[in-house]
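K.L.:
coords please:
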Amino acid sequence: MRLVDRMRMAWRMLFGRVSEGGRLDDELQFHLEQQVAENVAAGMSAEAARYAALRLFGNPAVMRDQTRSMWRWSSMEAMVRDVRYSVRALLRSPGFSLIAIAVMALGIGATVSLFTIVSSVLLKPLPFRDPAKLVMVYEHFLRSQGDGRNSVAPAVYRDWHAQTHGFEDMAAIRDYGYNLTGEHQELPEVVEAGAGTASLFPLLGVKPALGRTFTEDEDNPTGNHVVLLSWSLYQRRFGGDPSIVGKTIRLDTNAYTVVGVLPQGFVFPNMKAELWTPWGQTFKQDSWAQYDNHQSLVVARMKDGVSREAAMHEVEALQQRIHEAHAGRPVTEGALSVPMIEDVTREVKTPLMVLLGAVGCLLLIACLNLSNLLVARSASRRKETAIRGALGGSRMTLIRQQMMESLILCGVGGVLGVGLSLGATRWLAAHWKALPRAEAVHVDGTILAFALGLVVVSALLAGLVPAISSTGKSVMAALQDSSRSVGGGNSRATLRKTLLTAEIALTVVLLLGAGLLFKSFLHLRGADLGCTTDRVLTMKYGLPEKQYDTREKVAGFHEGLLERVQHLPGVKAAALVSRAPGDGWEGDNVFTIAEKPAPTYSLQYDALVRTVDPTYFSTLQIPLLKGRFFTAQERLTQDHFVIVSKQFAEEYFKGEDALGKHLRVSRSKEMEDFEIVGVVGDTLWSVAQPTKATMYFPMMGGGSNSSNATLVVRTDGDPMGVALPIQKQIAALDAGLPVYEILTLQQIVEKGTASQSFSASLVLAFAVLSLALAAIGLYGVLSYLVTQRVSEIGIRIALGAQRGSVLRLIMMDGLRPVLLGLLIGLAGGAAAGALIRSMLVGTSPFDPVVFGVMIVGLLGVALVASVAPALRASRIDPMTALRME
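P.N.:
Below you'll find the model as predicted:
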């Protein structure tokens with residue numbers, strides 16, 4: 001019989017056994033009657049003819065079995081039989097089944113959710129043409145601390161693009177911001193923008209949904225003002241107008257012609273650009289030619305057949321020549337490249353792997369918990385299992401049947417878990433603000449295949465050990481002994497304790513990791529910014545360069561705004577700064593000390609740069625340690641003065657008096673000297689980073705334009721209460737000027753710790769869930785031990801044992817695996833702490849407080865979980881226990 005015919009027949013037998021069996025009986029009866037008829041025709045009597053025909057045919061039952069064996073798909077039949085048996089068995093114990101399914105649904109659902117995030121962010125290729133060939137190229141400090149990477153100056157990029165040939169093409173990008181002026185009574189708004197060279201979109205393989213991208217003629221400081229809209233802005237602001245191409249919008253009061261709309265779903269990684277303008281137009285003619293204005297990112301596409309190392313060798317050689325040609329300027333000596341996918345995900349790779357490890361521990365704990373439940377279930381069914389074995393069932397058959405139960409529980413839990421993960425994944429992607437490529441996160445065929453594999457692996461982990469242990473030879477003793485503790489009871493108790501020990505150890509690792517991350521988060525939230533944060537409001541604005549084209553106009557707006565705000569009810573003080581404390585590290589600059597200049601750029605010093613109003617330090621109550629503050633007249637003077645932070649003075653002058661020293665800094669076209677006139681207290685600019693040396697320059701003074709500013713206002717009440725009055729004052733000065741990011745300083749701190757808070761909260765949730773599972777497991781083990789030792793406890797009490805001693809006996813029996821798991825877990829937790837060291841701020845991986853709280857908490861939960869079974873054991877009636885025997 002052909003394989004196809006056999007499979008067709010097996011399918012019929014599997015799902016149409018009755019009809020196929022009837023056809024076989026009819027066929028056999030037909031041939032038997034034919035033989036009888038032939039025998040009668042040969043002269044036999046009817047009885048003799050039937051007897052002879054039966055002898056010729058043989059036993060009809062044997063013939064039926066032989067024929068059916070040719071039709072059967074025996075392995076499939078056995079599987080269907082096992083499924084039916086397992087479903088019936090699980091339905092008879094609905095409480096057990098529901099608990100087991102819930103445990104596995106949580107474990108599998110959480111794991112699938114995190115794997116979806118990891119797969120989408122770290123493993124899935126970028127949505128561009130041949131993404132594996134895309135690299136990010138940086139300028140490189142050859143002798144600096146850290147990895148030495150730096151963004152790229154415009155003149156450097158133009159030289160790379162024109163004079164190197166190892167890459168197929170290069171493109172430059174920078175983030176930008178515009179005031180989008182309201183049209184048709186719409187309010188003005190600040191929109192995040194990207195600036196890209198004409199080569200960017202062809203290099204990425206992105207074609208616009210409408211119109212075209214930029215041309216080379218447009219990509220320079222004097223090119224025509226054109227703009228590309230993102231799909232989201234096109235729909236939100238312009239209602240999906242199909243005739244938008246060719247129309248004009250106003251950005252910073254300048255007219256820009258819409259030349260195209262980017263396709264739906266296009267997002268450049270780690271940017272939230274709602275529109276794009278030509279990169280060259282974001283520079284003035286003088287800054288366009290600068291080699292030390294580091295503001296751009298460069299993406300390049302590798303040529304076929306040319307390695308990244310070979311392509312970079314040419315760029316590095318060119319950069320060294322550029323450095324030598326501009327020895328008097330801060331120009332880097334080298335260049336480096338990083339695959340684009342690695343560059344995009346470098347900030348979240350470690351947190352994602354930590355979270356995936358945490359959820360993996362949770363899944364293992366869930367499997368161990370289910371395994372413990374299955375051991376208890378097999379103990380209650382050991383006689384049934386023994387009888388099935390005695391009646392001919394092989395051990396492999398019994399193991400297969402019990403494994404089928406585990407597979408069904410994990411399968412149903414997996415289906416529910418995948419359903420839970422759909423919502424959980426969307427929630428994670430929406431609320432994890434620092435997650436790159438969030439738009440790419442979704443469940444696909446790869447995720448479903450992973451979930452299926454997870455179900456099979458979980459079923460094996462949870463079910464194999466209980467199935468093997470419950471079908472051993474010791475089970476057969478249940479047929480000869482009516483005692484409930486005879487046979488495999490002791491071995492099963494040991495197995496359950498072993499599983500519990502592993503569960504506790506994994507829980508300890510999770511609890512320690514969660515505790516360290518949570519303490520690190522609390523350290524960040526409680527960080528001292530070095531200034532007052534109580535009742536302080538901040539808001540940002542940017543003055544359009546076309547409208548405010550002189551320093552006098554910019555200063556006039558700042559002066560007028562401060563004058564108006566300081567007279568508002570509820571305002572105690574107001575000032576301006578380029579970036580508020582806690583709002584990020586951006587804005588550093590290299591410098592040398594005029595009294596001891598550095599020989600090369602990489603050996604120059606580096607510090608953050610802030611431009612401030614003279615009243616800034618008093619408004620935020622930042623102490624003056626030496627010297628003086630800026631004066632009001634220095635807003636517009638060309639006097640070159642600078643104030644430095646305490647850390648700056650200690651780091652770069654090492655005990656010398658910083659006052660009167662001169663810093664050589666590039667604030668405009670040339671390196672200029674600035675005299676230090678004051679030293680102030682340190683300010684924390686990023687709560688997730690250590691304090692950094694800072695230089696303060698007068699807003700509008702010493703070559704600074706400062707059209708972008710942050711207004712900081714200290715109030716005597718709710719700071720949000722003055723937000724609207726301040727906005728009205730800004731509108732009175734310039735009705736078309738929008739403000740954005742209206743936040744209190746405390747909200748800025750919360751925003752800066754959001755990523756750490758999110759990671760710590762997730763790991764803590766997993767740890768608490770694992771602790772609950774461990775407590776349930778401990779309760780189950782002790783309850784099982786009490787049930788197994790009813791007669792022993794009864795005899796102890798009958799012989800005079802005090803009930804208190806019985807209570808201690810049972811509790812110590814439960815605490816032994818807890819203590820052993822605790823010791824193993826402490827070692828694993830110490831190793832885990834070392835692995836997450838880079839995620840900890842102000843917290844040691846071996847923090848004694850975290851370890852101590854975790855130990856006390858775990859032992860407390862273990863004692864609570866042990867009390868009920870131990871009390872039940874101490875209250876056993878000896879006579880009742882002996883009668884049960």
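
K.L.:
residues in contact with Arg174?
P.N.:
194-195, 279, 282, 295-297 (Cβ atoms under 8 Å, 6 or more residues apart in numbering). Any C-beta I mention is one placed from the backbone N, CA and C, and that applies to glycine too.

K.L.:
so can I have a markdown table of those residues showing pLDDT and secondary structure?
P.N.:
Conversion of these to a markdown table gives the following (pLDDT from 0 to 100; DSSP: H, G, I helix; E, B strand; the rest coil):
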| residue | pLDDT | secondary structure |
| --- | --- | --- |
| Gly194 | 95 | strand |
| Ala195 | 95 | strand |
| Trp279 | 95 | helix |
| Thr282 | 89 | helix |
| Gln295 | 86 | coil |
| Ser296 | 92 | strand |
| Leu297 | 95 | strand |
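
K.L.:
Show me where the stretch 451-600 of the chain dips below the pLDDT cut-off.
P.N.:
By pLDDT under 70, the low-scoring segments of the stretch 451-600 of the chain are 472-492, 597-600.

K.L.:
Mind doing that once more with 90?
P.N.:
Counting by pLDDT under 90, the stretch 451-600 of the chain shows low-confidence ranges at 462-500, 520-529, 542-556, 583-600.

K.L.:
Now do the domain split for this structure, please.
P.N.:
Domains of the chain are assigned by the TED database as 3-70, 144-183+198-332, 348-526+752-882, 544-736.

K.L.:
Okay, helices next: where are they in the stretch 601-750 of the chain?
P.N.:
Remark: helices of the stretch 601-750 of the chain, listed N- to C-terminal, are 616-619, 646-653, 723-733, 745-752; assignment by DSSP state H, counting those that start in this stretch.

K.L.:
With distance to Gln320, mean pLDDT and mean neighbour count as new columns, can those be given to me in CSV?
P.N.:
CSV is the format used below for those (distance: least, Cβ to Cβ, whole Å; pLDDT from 0 to 100; neighbours: other Cβ atoms under 10 Å):
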stretch, distance to Gln320, mean pLDDT, mean neighbour count
helix 616-619, 41, 95, 21
helix 646-653, 28, 92, 19
helix 723-733, 49, 94, 15
helix 745-752, 38, 89, 19
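
K.L.:
so Ile244 makes contact with Leu228?
P.N.:
No - assessed by Cβ atoms under 8 Å, Ile244 is found out of contact with Leu228, at 10.9 Å.

K.L.:
Looking at the two, which has the bigger crowd around it?
P.N.:
Counting neighbours by other Cβ atoms under 10 Å for Ile244 and for Leu228 shows that Leu228 has the greater number, 28 against 18.

K.L.:
What is the burial count for the closest residue to the more buried one other than its chain neighbours?
P.N.:
If you skip the residues right next to it in sequence, Leu228 has Trp276 as its closest partner in space, 4.2 Å away by Cβ to Cβ, 6 or more residues apart in numbering. By other Cβ under 10 Å, the residues close to Trp276 number 26.

K.L.:
ok, back up a step: neighbour-wise, which of the contacts of Arg174 leads?
P.N.:
For the contacts of Arg174, neighbours were counted by other Cβ under 10 Å; the highest total belongs to Trp279, with 26 neighbours.

K.L.:
if I look at that one, how far off is Pro154?
P.N.:
As for Trp279, its distance to Pro154 is 8 Å (criterion: Cβ to Cβ, to the nearest Å).

K.L.:
Over to Gly240?
P.N.:
Distance from Gly240 to Pro154, by Cβ to Cβ: 35 Å.

K.L.:
before we move on, what about Pro127?
P.N.:
With distances defined as Cβ to Cβ, the gap from Pro127 to Pro154 amounts to 28 Å.

K.L.:
for Val354, same thing?
P.N.:
Counting by Cβ to Cβ, the gap from Val354 to Pro154 is 39 Å.

K.L.:
ditto for Met839
P.N.:
Distance check for Met839 against Pro154: by Cβ to Cβ, it reads 36 Å.

K.L.:
Kindly report the same for Val456.
P.N.:
Val456 sits 56 Å away from Pro154 when distances are taken as Cβ to Cβ.

K.L.:
what about Val354 and Pro154, which has more around it?
P.N.:
Each of Val354 and Pro154 has its neighbours counted (other Cβ under 10 Å); Pro154 has more, 23 against 20.

K.L.:
residue contacts, that one?
P.N.:
If you count contacts by Cβ under 8 Å, 6+ apart, then Pro154 has 172, 280, 283, 287-290, 293, 295-296 around it.

K.L.:
rerun that using 10 Å as the cut-off
P.N.:
172, 174, 221, 279-280, 282-283, 287-291, 293-296 (Cβ atoms under 10 Å, 6 or more residues apart in numbering).

K.L.:
Tell me the one of these nearest Phe115?
P.N.:
Closest approach between the contacts of Pro154 and Phe115, by Cβ to Cβ: Arg174, at 34.5 Å.

K.L.:
Now do the closest residue to that closest one other than its chain neighbours against Val590, distance only.
P.N.:
Sequence neighbours aside, Ser296 is the residue nearest to Arg174 in space, at 4.6 Å (criterion: Cβ to Cβ, 6+ apart). Using Cβ to Cβ, one gets 17 Å for the distance from Ser296 to Val590.

K.L.:
Same question for Met812.
P.N.:
Between Met812 and Val590 the computed distance is 66 Å (Cβ to Cβ).

K.L.:
Next, work out how far apart the closest residue to Glu218 other than its chain neighbours and Phe201 are.
P.N.:
The spatially closest residue to Glu218, leaving aside those adjacent along the chain, is Pro278, at 4.8 Å (Cβ to Cβ, 6+ apart). Pro278 is 11 Å from Phe201, where distance means Cβ to Cβ.

K.L.:
Please identify which of the two sits among more neighbours.
P.N.:
Applying other Cβ under 10 Å to Pro278 and Phe201 shows that Pro278 carries more neighbours, namely 27 against 23.
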